[in-house]
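Student: Quick one, fold the following:
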Amino acid sequence: MAEQDLDRSAAATPYKLSEARKRGQAAKSADLVSALVFGAAIVFLQIYGWDQVREQFQFDRLLLVSLGHVDQHGWALWSLTRHALTQACLLAMPLLLSIMLAAIAANLLQTGPLLSSHPIKPDWSRLSPATGFKRVLSTRTLFDTMRTLLKLSLLGYVVCGALTALMPQFHQIAGMPSQGFARLLVDDLSAVGLKLTVAMLVIAALDHVYTLREFSRKMRMSQRELRDEHKHREGDPRIRARIRELRRELLKRSRMLSQTRMADVLITNPTHLAVALRYEHGAMTAPVMLGKGRGVMADTMRKIAALHRIPVVESRSLARALYAEVATNASIPEQHYAAVARLMVWVLAMREASRRAAAPEGAVR
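Tutor: Numbers count the residues shown, from 1 in each chain. Presented below is the predicted three-dimensional model:
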């Protein structure tokens, strides 16, 4: 069994992936989310950055001018502070909304709509020092550390290259006015940010492919897991076989009850067993058993016989013998011909007498 569990050679089934999603587990690259969020901020800075900075400078100037005419111990100072905070929130709101929408889009692109409370449930194993040391000293942690250092090295190289390309502009800063300096700073930050965004997107694409492969490897299943999942979804084979057997039994009983109404005689035990027989002279070589029942089934057959005016004859020995030896829709054996023949003659005689009694007087003559 242990070898079967270690041999995870089968791909994850849709059912296992669905159960993993319910627990909040899905292939998701954090680098892709970071790259899209950072890229959204840089694009916003590239398009609206200078306008935002200019509005902030204008507001700061008006705020400084207003502070000279405001009583610092009255309600006017509180009103000015509230106005300043409101204006700051309004200026920052477009950038924050852009970042929030980029984060939501990055997650939806990778996992689709995924809501699960399982990750926030308390897991006391995380508080175990032994588990923490194993996680810190594991090969996986070392690999993730090396991968992070490689990413930082690549991003640092890109930033150094972008700043080196801007070196010729630095000697112009001393002779520029403050507004021109601020405009140049915004443009340079946007240019460096765009190059950094491209590098982050490349890293994120590679990390996304790696994350998909790692998640697929983690979700792989052994043959034992496949069998257990099949049993869990479809049920145990023995239970399914028992259910099929019960269905066949119910169908068989239903057919016997429906055939009881066509019987010529019902032989009983008198309460525990019931056997329904039919005989057509000239069409059958021997009487045929249409149905048999025990307990509740026998009681139901007696009710059907009473409803359809079928004669009910009590014969303990014959009912027991026919119930044990004859199958449904089978002819009775030769050793019971004599006993059954006497019953059938009596039944046919009673039927003929009933027919004559019900017929009009002229028809009888």
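Student: what about the helices in this structure?
Tutor: 2-6, 14-22, 30-67, 75-111, 129-136, 139-165, 178-218, 223-234, 237-260, 296-307, 316-325, 337-358, 361-364 (DSSP state H).
Student: Identify the residues contacting the residue nearest to residue 304 when sequence neighbours are not counted.
Tutor: Leaving aside its sequence neighbours, residue 304 sits nearest to residue 260 (Cβ to Cβ, 6 or more residues apart in numbering; 4.7 Å). Yep, even glycine has a C-beta here, placed from its N, CA and C like the rest. By Cβ atoms under 8 Å, 6 or more residues apart in numbering, residue 260 lies in contact with 266, 276, 290-291, 301, 304-305, 310.
Student: Look at residue 260 and report its pLDDT.
Tutor: Residue 260 carries a pLDDT value of 82.
Student: now do residue 276
Tutor: Here the pLDDT value assigned to residue 276 is 90.
Student: what's the spacing between it and residue 320?
Tutor: Separation of residue 276 from residue 320 (Cβ to Cβ, to the nearest Å) stands at 15 Å.
Student: next one: residue 337
Tutor: Counting by Cβ to Cβ, the gap from residue 337 to residue 320 is 17 Å.
Student: Report the distance from stretch 139-155 to the chain centre.
Tutor: 35 Å (Cα atoms, centre = their mean, to the nearest Å).
Student: Now that stretch: buried residues?
Tutor: residue 151 (16 or more other Cβ atoms under 10 Å).
Student: what residues does it touch?
Tutor: By Cβ under 8 Å, 6+ apart, stretch 139-155 touches 31, 135, 196, 199-200, 203.
Student: right, so of the helices of the chain, which gets closest to residue 331?
Tutor: Distance to residue 331, taken as Cβ to Cβ, is lowest for helix 337-358 among those, at 10.0 Å.
Student: Run through the residues that contact residue 226.
Tutor: Applying Cβ under 8 Å, 6+ apart to residue 226 gives the contacts 10, 13.
Student: where does the stretch 51-200 of the chain have low pLDDT?
Tutor: Within the stretch 51-200 of the chain, the segments meeting pLDDT under 70 span 67-77, 116-138, 171, 174.
Student: do that again at 80, thanks
Tutor: 56-57, 60-81, 83-84, 112-144, 166-182 (pLDDT under 80).
Student: so residue 305 makes contact with residue 266?
Tutor: Yes - using Cβ atoms under 8 Å, residue 305 makes contact with residue 266 at a distance of 4.4 Å.
Student: what do the two both touch?
Tutor: If you check residue 305 and residue 266 against Cβ under 8 Å, 6+ apart, the residues they both contact are 260, 276, 311-312.
Student: what's in contact with stretch 284-299?
Tutor: So stretch 284-299 is in contact with 253, 255-257, 259-260, 262-264, 268-269, 271-279, 300-301, 322-323, 326-332, 334, 337, 340, 344, going by Cβ under 8 Å, 6+ apart.
Student: Any idea how many residues pack against the residue nearest to residue 264 when sequence neighbours are not counted?
Tutor: Spatial nearest neighbour of residue 264, excluding adjacent residues (Cβ to Cβ, 6+ apart): residue 278 at 5.1 Å. Residue 278 has 18 neighbours, counted by other Cβ atoms under 10 Å.
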